[in-house]
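J.: would you be able to build a 3D model of this:
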Amino acid sequence: MTNNDDDRSLLVLVLDLNPIIWGEREREMLKCQEKEAKQKLQQQANPKKKVKPILRCTNINETIEAVLGFCVAHASLHRENALAVVGVTGSSCAVLYPRKKALDEMISQPVELMGCRIDIRLLTDSIKLGISDLMESSLRKMESNGEGTNTNSRCSLMSAGLSLALCIVHRFNVAFGRSAGIFNDVVSGISSHSDVFAMMEGKIGKNGTESKSGSTGSLSPRIMIIQASDDRTRDYNAFMNCVFAAIKEGITIDGCFIPSGMDGHATSSVFLEQVCDRTNGAFLAPGRGAQMGGKLLQVLLTLFLSPISTRRHLNLLSPNKVDFRAKCFITGESVDIAYVCNQCLSIFKDPPKIQCPTCEAHVRTNVTTNGEKRKLENQ
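T.: You can find the predicted model right below:
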């Protein structure tokens, strides 16, 4: 592997850990195993009878093993690669790896820690422990709130996980001098001194000498989202705001949606397709045949492992037709023409009668003279 600076990358992996969704998939997997056992008995009784193979969806254990293998492969590509893993449930999100103290050290002193290989055992233990803690806390929170299996608990806070991933990337960029944070516009507006700009770019340290981060270079950041639950329609605006921030920072976002194949469940994520298309990332929704038997790891390694600098030489998959229509925040249907709240920008197929369900702003309805068009105003 070459030591080119462009090959060094920071990967922030956002993993969907909704316990309700993974519990339903575990039950579906047990049903498929029972069907397989019955098929084997029938085939033994009648060997000439052709039996179609039963395709099952992956469960949480297989997905975790695939994610761990993907993380290890990313760490093996370059000795200076950095990695962070964010877990997301229906009620919360948290950083699984590195743990809090290690994360603070890695962000505060990224240059000093570069060249230190990722401890694979520590990586595995931290992710498994973080997943267990996050899913247990999510279940306790749902039980205390009495949410059960309602719509909100079945959809994960993917926008919050993406926002947390962007914060991690931004802190790395500030530490490396790629981004000046909130003081960039202020300094550019009040001063044009070359030393000031050099300090903001990370080229001059506190003692006036050349900064180590400026000479070493920064990591190429990218975000990988692995989603298993349906889209939360009310998070559309937050999701798109994250996309705009990623485009401004030059961050590529890859997406892998893992469909369950069960009736009533989504086969893809419209939000994730839009995110990957806008940020020039790769997207794939592998079917059941590409999930079972360790095939999910092969999908992750084949499509999502390559660094950004080498992707121009590869023929990677990308969504052919992306549906950019907005979704109603209540029904979840894609709409061409909708009503928009002028305070929180929530989108509705039909106009709210009394107040906005999102921000609870009171709605005043004005009917025109012909009685056909209506204009909504918030008081």
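J.: where's Ser137, which helix or strand?
T.: For Ser137, the host element (DSSP states H and E) is helix 120-145.
J.: what packs against that helix?
T.: helix 19-45, helix 60-77, strand 82-88, strand 93-97 (3 or more CB pairs under 8 Å, 6 or more residues apart in numbering; DSSP states H and E). The way it works is simple: take the backbone N, C-alpha and C, and place the C-beta from them, glycine included.
J.: buried ones in that helix?
T.: 123-124, 126-127, 130-131, 134-135, 138-139, 142 (16 or more other CB atoms under 10 Å).
J.: got it, and stretch 29-40?
T.: For stretch 29-40, burial by neighbour count (16+ other CB under 10 Å) applies to 29, 32.
J.: distance of the spatially closest residue to Asn145 that is not a sequence neighbour relative to Gly264?
T.: Distances taken as CB to CB, 6 or more residues apart in numbering place Ser91 nearest to Asn145, at 7.9 Å, with adjacent residues excluded. Using CB to CB, to the nearest Å, we find Ser91 at a distance of 22 Å from Gly264.
J.: pick out whichever of those two has more residues nearby.
T.: Ser91 (21 against 6; other CB atoms under 10 Å).
J.: in a helix, Val363, correct?
T.: No - counting by DSSP: H, G, I helix; E, B strand; the rest coil, Val363 is located in no helix; its state is strand.
J.: contacts for stretch 25-33?
T.: 54-60, 228, 260, 262 (CB atoms under 8 Å, 6 or more residues apart in numbering).
J.: buried members of the residues you listed into PyMOL, please.
T.: Here is the PyMOL selection string for the buried members of these, based on 16+ other CB under 10 Å:
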select buried, resi 56+57+58+59+60+228+260
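J.: in helices, which of the contacts of stretch 25-33 appear?
T.: Among the contacts of stretch 25-33, the ones falling in helices (DSSP state H) are Ile60.
J.: so which of the contacts of stretch 25-33 is the closest to Val174?
T.: Nearest to Val174, judged by CB to CB, of the contacts of stretch 25-33 is Ala228 at 32.1 Å.
J.: look up how far Leu314 lies from that closest one.
T.: 26 Å.
J.: quick one, helices of the stretch 151-300 of the chain?
T.: 151-154, 158-176, 183-190, 194-200, 212-216, 236-249, 270-278, 295-304 (DSSP state H, counting those that start in this stretch).
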